[in-house]
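1. Attaching a predicted model along with its sequence, questions to come.
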Amino acid sequence: MCGIVGILGSKPVAIDIVDALRRLEYRGYDSAGIATVENGHLERRRAEGKLRNLETRLGTEPLSGTTGIGHTRWATHGRPIERNAHPHMNDRVAVVHNGIIENFQELREELTGKGYVFETETDTETVLHLVTYYLDQGMPPVEASRIALNRLRGAFALGLIFSDDKNLLIGARQGPPLAIGHGDGEMYLGSDAIALASLTDTITYLEDGDWAVLTRAGVQVFDLSGKTVHRTAIKSVASSLLVDKGNYRHFMLKEIHEQPEVIAHTLGNYIDMAEGAVKFPALGIDLAGVNRVTISACGTAYYAGVVAKYWIEKYARIPVEIDVASEFRYREVPLAPGGLAVFVSQSGETADTLEALRYCKKNGQVIAAIVNVRTSTIARESNTVLPTLAGPEIGVASTKAFTSQLSVLACLAIAIGRARGTIDAAKEKELVKALSEVPRHVSTMLRDESFYEGLAHEISKARDVLYLGRGVSYPIAMEGALKLKEISYIHAEGYAAGELKHGPIALIDENVPVIVVAPEDELFEKTVSNMQEVAARGGQIVLISDVAKEKAGCRLLSHIKMPKAHPFTTPLLYAVPVQLLAYHTAVVMGTDVDQPRNLAKSVTVE
Ligand code: F6R
């Protein structure tokens, strides 16, 4: 969730650290800080809030050290104030940390008992004092770090520097990712390769449990017993993935507009348009024999999985178990060996999704990962990677990754259906053709947004908003509600339209907009009935549908007219208006659209 960077440089490193942190801000932006080694002592600058505050600080109080570490924070333990900002340091050691030290209370008590004084509310400070304790026992920095690392429980990535050795940087990984960058007489450490992209394209990824000793001459990687382990350096493509906003006001808007292209690109990887057939990679399992699919993910990726449940059950006729990864991982789900388990994640680093994956692996499932970051931990721990070709997604609210995930899952549903014989060649052709039309439809829908700007003014006045949908539109209703609440901070909930009368209907009055996601499919009439129930209670209905507004049979606040499309593909299309509505509402509310409060792009803690 936090981003960490370390540089053993040949010139002052603060500017390069800030540059690397800028590319890690997606991981958190509650505070930022840098420490460098200068003439045998450690110097630090920190600032609350976004990185630009730290930059301002460095403008008036620069750092001149050639060895340094930096951090951008997503607060877990301790409020997002400067005192709790990383690096944490004393006169011997400075440390940056991403993750959670689970036994920090116990260590804190032990170290307090030994006379170490804690100044912050963070779990990270225990690492600082623990390493210092072993240094105080006379151990050299590498040994002190090794012993200290062995005592930490939890999920963490760490970077450490020492005042009396400016040729040393220590990195450690247990859980959250950590990459080592190789330069010419310089070495780097970063939470991902993109952070290091302007410095190097030669990257070594640490594995879980690794720790690394970096000097300007290179890196040695060890396991916790101190045994050397070999990790290969690879050429990273991260530098080609660096992105900017182009002419768009926000990354989120740019990413919404990239959808026709990335959906086409992703579909192109899994279907042969000319043949009208899916061309799915071997998953290491006989799809014809699969009798149950397990899917797990978090947030928006989870909603993509819920859509897939409807698709796979309808078209491939096998049951799909789906749950949010934070629940799944602890449910002790019984799994018959040989099943297919699918994990969906943009970042490929979400801690809960990764643990759900590991549970399934341990229980004999064949693992397929739908990820956007191919070098991610989830990708590396899977039997098969089914990449989404969305390119880097910078906006914290997921948009193009979601529709790319749906694109892969739609192809997976067809592939399983074909293998099991529940879909014949003609049906496959029909579904593939429907998918091939999605980029064109999305492109048409994105031509004019002025309508959403007007509607957003209405929605921005609401305190609560309900989203309703049935069948495959139910997860889109939930996704719409999530998008709205996370970037506009307006309370929103997505409900199965038929559930309305079992409770939520009590919320309806003339101040509550109700967004109804209702393509004209076999469930349309039923959703219309639920809409009437809302109208009868004065609810303000926004209908997103391909039918003419007269078919609603009640007064509408607004009607978002959708193109006619095959019912199979409606989730891909109806995702777009709910994104646009959330985006424009957030713009009206004046929130920080790309970096909404309290959130982070990559959630590597439980
Ligand atoms: C919402 C959003 C989050 C993520 C969730 C999972 O817009 O982006 O709900 O979908 O944190 O993240 P990944 O896909 O990286 O596993």
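-> Okay, I see it.
2. who in the stretch 301-450 of the chain is up against the ligand?
-> When proximity is defined as Cβ under 6 Å from any ligand atom, the stretch 301-450 of the chain approaches the ligand at A301, S345, Q346, S347, T350, T353, A397, S398. (Each C-beta comes from the backbone N, C-alpha and C, glycine too.)
3. ok, so of those, who is nearest P577?
-> Minimum distance to P577 across these is 14.8 Å, recorded for A397 (Cβ to Cβ).
4. and the closest one, what does it touch?
-> M252, T300, K483, E486, I487, Q579, A582, V593, P596 (Cβ atoms under 8 Å, 6 or more residues apart in numbering).
5. tell me which of the residues you listed is nearest to the ligand?
-> Closest approach between those and the ligand, by Cβ to the nearest ligand atom: T300, at 3.4 Å.
6. pLDDT score for the nearest residue to the closest one once chain neighbours are set aside?
-> In space, and not counting its chain neighbours, T300 is closest to S398: 4.2 Å by Cβ to Cβ, 6 or more residues apart in numbering. For S398, the model assigns a pLDDT of 97.
7. Now that S398 has come up, it's in contact with Q346, right?
-> Yes. Counting by Cβ atoms under 8 Å, Q346 is a contact partner of S398 at 5.7 Å.
8. Find residues that contact each of the two.
-> Common contact partners of S398 and Q346 (Cβ under 8 Å, 6+ apart): T300, A301.
9. count of neighbours near the residue in the chain that the ligand sits nearest to?
-> Residue of the chain nearest the ligand, by Cβ to the nearest ligand atom: G299 (1.9 Å). Neighbour count of G299, defined by other Cβ atoms under 10 Å: 21.
10. same check, this time on the one 10 residues further on
-> Applying the criterion other Cβ under 10 Å, we find 19 residues in the vicinity of K309.
11. can you give me how far whatever helix or strand it lives in is from the chain middle?
-> Assigned by DSSP states H and E, K309 belongs to helix 299-311. Distance of helix 299-311 from its chain centroid, counting by Cα atoms, centre = their mean, to the nearest Å, is 15 Å.
12. Hey, what's the angle from the next helix or strand after it to helix 299-311? Just curious.
-> As assigned by DSSP H and E, the chain's next helix or strand after helix 299-311 is strand 320-324. Per axes from the mean of the first three to the mean of the last three Cα atoms, to 10 degrees, the angle that strand 320-324 makes with helix 299-311 is 160 degrees.
13. Can you list the neighbours in contact with strand 320-324?
-> Contacts with strand 320-324, where a contact means Cβ under 8 Å, 6+ apart, come from 292-298, 302, 305-306, 308-309, 312-313, 331, 333, 352.
14. just how off-centre is the next helix or strand after that strand within its chain?
-> Next in sequence after strand 320-324, counting helices and strands by DSSP H and E, comes helix 325-328. Taking Cα atoms, centre = their mean, one finds the center of helix 325-328 at 16 Å from the center of the full chain.
15. Give the pairing partners of the helix or strand just after helix 325-328; include direction for each.
-> Sequence-wise, the next helix or strand downstream of helix 325-328 (DSSP H and E) is strand 340-345. Partner strands for strand 340-345, per DSSP bridges, with pairing direction: strand 293-297 (parallel), strand 366-371 (parallel).
16. Walk me through the domains of the protein.
-> Domain segmentation of the chain under automatic domain parsing yields 3-241, 244-445, 448-601.
17. now the helices for the stretch 401-550 of the chain?
-> For the stretch 401-550 of the chain, applying DSSP state H, counting those that start in this stretch gives helices covering 425-436, 438-445, 450-459, 473-488, 524-536.
18. okay, those helices, which one's buried deepest?
-> Among the helices of the stretch 401-550 of the chain, helix 473-488 has the highest mean neighbour count (mean count of other Cβ atoms under 10 Å), at a mean of 26.
19. thinking again about what came up before, thought the residue of the chain closest to the ligand was touching E479?
-> No. The pair G299 / E479 is not scored as a contact, 9.1 Å apart, by Cβ under 8 Å.
20. which element follows the helix or strand hosting G171 toward the C-terminus?
-> Per DSSP H and E, G171 falls inside strand 165-174. Once the chain leaves strand 165-174, the next helix or strand it forms, by DSSP H and E, is strand 179-182.
21. residues in this protein within reach of the ligand, list them.
-> By the rule Cβ under 6 Å from any ligand atom, the part of the chain lying against the ligand is 298-301, 345-347, 350, 353, 397-398, 482, 486, 602-603.
22. Pull the residues that contact stretch 347-357.
-> Residues from elsewhere that reach stretch 347-357 (Cβ under 8 Å, 6+ apart): 155, 175-177, 296-298, 301, 324-326, 328-329, 341, 343-345, 367, 369, 371-379, 381-382, 601-606.
23. Oh, that last question was meant for stretch 61-69, not what I typed.
-> So stretch 61-69 is contacted by 4-14, 17, 34-38, 43, 45, 87, 94-96, 159-161, 166-169, 189 (Cβ under 8 Å, 6+ apart).
24. Could you check how far the residue lying farthest from the centre of the chain is from A341?
-> Centroid-distance maximum for the chain: G138 at 42.3 Å, with Cα atoms, centre = their mean. Distance from G138 to A341, counting by Cβ to Cβ, to the nearest Å: 50 Å.
25. do D16 as well
-> Taken as Cβ to Cβ, the span from D16 to A341 is 41 Å.
26. re the thing from before, buried ones among the contacts of stretch 347-357?
-> Buried subset of the contacts of stretch 347-357 (neighbour count, 16 or more other Cβ atoms under 10 Å): 155, 175-177, 296-298, 301, 324-326, 328-329, 341, 343-345, 367, 369, 371-373, 375-379, 381-382, 601-606.
27. low pLDDT regions in this protein?
-> Applying pLDDT under 70 to the chain picks out residues 237-244, 246, 602, 604-606.
28. Please, which helix or strand holds the residue farthest from the centre of the chain?
-> For G138, there is no host helix or strand (DSSP H and E).
29. and it, how far is that from A144?
-> With the distance defined as Cβ to Cβ, G138 ends up 9 Å from A144.
30. Next: E393.
-> From E393 to A144 the distance is 39 Å (Cβ to Cβ).
31. T294 now?
-> Distance, T294 to A144, by Cβ to Cβ: 44 Å.
32. try I7
-> On the measure of Cβ to Cβ, I7 and A144 end up 22 Å apart.
33. Looking at the two, which is more packed in?
-> I7 (32 against 24).
34. Would you enumerate the residues in contact with the closest residue to that one other than its chain neighbours?
-> Closest residue to I7 apart from its sequence neighbours, by Cβ to Cβ, 6+ apart: V13 at 4.3 Å. Neighbour list for V13: I7, T36, G65, T66, T67, G68 [criterion: Cβ under 8 Å, 6+ apart].
35. 10 Å instead?
-> Residues near V13 by Cβ atoms under 10 Å, 6 or more residues apart in numbering: 5-7, 20, 34, 36-37, 63-70, 186, 188, 199.
36. could you flag which of those are buried?
-> Among the contacts of V13, those buried by neighbour count (16+ other Cβ under 10 Å) are 5-7, 20, 34, 36-37, 63, 65-70, 186, 188, 199.
37. among the residues you listed, which are in helices?
-> A20 (DSSP state H).
38. Filter the buried ones among the contacts of V13 down to the ones in strands?
-> Among the buried ones among the contacts of V13, the ones falling in strands (DSSP state E) are V5, G6, I7, I34, T36, V37, T67, G68, I69, G70, Y188.
39. Can you verify my assumption that the last one contacts D19?
-> Translated: Y188. No. Between Y188 and D19 there is no contact under Cβ atoms under 10 Å: 11.5 Å.
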